[in-house]
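> Here is a sequence together with a model predicted from it:
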Amino acid sequence: MLVVDVVVGGIEPNPCLFVASVCRWLVQDYGKLAYMFDQSRDYREKMLTMQLGKDHLKYLISFIDLLATCAEVRHRLID
């Protein structure tokens, strides 16, 4: 998974910093990270039905999990 809980030196990371870092990383490397969204419908269907192998689907699931974690952290910060 791309999401990892990290505690360095007994200090918990700042959730705002986590979300900002991930967002910055996504913006900088969008072409590399979200390549599957720019593919044709046929390619995406093959990915989702594992015709391209399990690695593509695992990557997509991990990517979506990372986005969901960011949204959850941001939601907690707003509340």
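Received, thanks. Numbering: from 1, shown residues only.

> Of all the residues in the longest helix belonging to the chain, which ones are buried?
Selection of the longest helix in the chain by residue count, based on DSSP state H, yields helix 54-78. Applying a neighbour-count criterion of 16 or more other C-beta atoms under 10 Å, the buried positions in helix 54-78 are His56, Leu57, Leu60, Phe63, Leu66, Leu67, Thr69, Cys70. C-beta here means a position set from N, CA and C on the backbone, and glycine is covered the same way.

> how near is the fourth one to Arg76?
Relative to Arg76, Phe63 is positioned 21 Å away (C-beta to C-beta, to the nearest Å).

> before we move on, what about the third one?
Between Leu60 and Arg76 the computed distance is 25 Å (C-beta to C-beta).

> CSV for the buried residues of helix 54-78, including distance to Arg44 and pLDDT?
Below are the buried residues of helix 54-78 laid out as CSV (distance: C-beta to C-beta, whole Å; pLDDT from 0 to 100):
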residue, distance to Arg44, pLDDT
His56, 10, 84
Leu57, 11, 85
Leu60, 9, 83
Phe63, 13, 81
Leu66, 18, 80
Leu67, 16, 80
Thr69, 22, 80
Cys70, 22, 78
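
> Using TSV, please lay out the residues you listed together with distance to Ala20.
Compiled in TSV, the buried residues of helix 54-78 are given as follows (distance: C-beta to C-beta, whole Å):
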residue	distance to Ala20
His56	28
Leu57	29
Leu60	24
Phe63	18
Leu66	14
Leu67	14
Thr69	14
Cys70	10
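
> So which of the residues you listed is the closest to Leu48?
Within these, proximity to Leu48 (C-beta to C-beta) peaks at Leu57, which comes in at 6.8 Å.
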